[in-house]
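# please work out how this folds:
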Amino acid sequence: MLVEVGPVPSASALAYIAFARGMLAELVTRHGKDTPSVAPDMAAEFERTLDRWEEIARSGPVFSWVYERDVEEIEYQFVAFVRLVLEGDPIGRTSERVDDDQIELRRPFRVALVNGILTALEREGGGSAALAAELRADWPDDDIH
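Prediction:
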C-alpha cells in the first residue's frame with residue numbers, strides 16, 4: 001500500500017514531530033514499563049518513522065513523504081497512531097484541549113498525514129476502505145474529510 005503525505009511546510013512537520021516525540025515518551029511511561037499505553041515494538045517503529053520525517057523536514061522548506069508498506073502493517077500502525085492522537089493531540093476546531101500555541105503550526109502536517117493514510121486505506125478497498133470510512137466519519141477534527 002502506498003501512503004503519500006504532503007507537500008506541507010517543513011516547519012509544520014517539525015512542530016508535529018517534536019510534539020509526537022514528547023507524547024510518545026509520555027505514553028510509553030504513563031502506565032509503567034509493564035503496562036505501557038504503546039507497545040515497545042510500536043514505540044520503536046514510531047521513533048524510526050519520526051527520525052525519517054525529521055530528516056526529510058530538515059532537508060528543505062517543503063515536506064513530502066511516500067511510504068510503501070503492507071496494508072496490515074499500515075492498519076496496525078495507524079490504529080496505534082490514532083490512539084496517540086486521541087490521547088494527546090489538541091486536534092483542531094472540535095477539540096476541547098486547545099491549550100498551546102503550536103496547534104496551528106502542527107495542523108497542516110497532521111491533516112496531510114491523516115488524510116494521506118485514510119486515502120491509501122480507501123484505495124485498498126474491502127475492509128481497509130470500511131475502516132477508513134469509519135475513521136473519517138468519527139474523526140473529531142473538522143479538517144479530516
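# the helix or strand bottoming out on mean pLDDT in the chain: what's the following helix or strand?
For the chain, counting by mean pLDDT, DSSP states H and E, helix 71-88 ranks last in confidence among helices and strands (a mean of 73). The element immediately downstream of helix 71-88 (helix or strand, assigned by DSSP states H and E) is helix 103-124.
# average pLDDT for that next one?
Across helix 103-124, pLDDT averages out at 89.
# could I get the CA-only coordinates of whatever helix or strand comes next after that helix as CSV?
Of the helices and strands lying after helix 103-124 in sequence (DSSP H and E), the nearest is helix 126-138. These are the backbone C-alpha positions of helix 126-138, laid out as CSV (Å, rounded to 0.1, in the frame of the first residue of the first chain):
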residue,chain,number,x,y,z
GLY,A,126,-12.7,-4.0,1.2
GLY,A,127,-12.1,-4.0,5.0
SER,A,128,-9.5,-1.3,4.7
ALA,A,129,-11.9,1.1,2.9
ALA,A,130,-14.5,0.3,5.6
LEU,A,131,-12.0,1.2,8.3
ALA,A,132,-11.1,4.4,6.6
ALA,A,133,-14.8,5.4,6.2
GLU,A,134,-15.5,4.7,9.9
LEU,A,135,-12.5,6.7,11.0
ARG,A,136,-13.4,9.6,8.7
ALA,A,137,-16.9,9.7,10.0
ASP,A,138,-15.9,9.6,13.7
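# and helix 126-138, what does it pack onto?
If you count contacts as 3 or more Cβ pairs under 8 Å, 6 or more residues apart in numbering; DSSP states H and E, helix 126-138 packs onto helix 71-88, helix 103-124. In this view, the C-beta of every residue, glycine as well, is placed from N, C-alpha and C.
# flag every buried residue along that helix.
Within helix 126-138, the residues scored as buried using 16 or more other Cβ atoms under 10 Å are 128, 131, 132, 135, 136.
# what's the closest of those residues to residue 118?
Taking Cβ to Cβ as the measure, residue 132 is the one of those closest to residue 118, at 4.5 Å.
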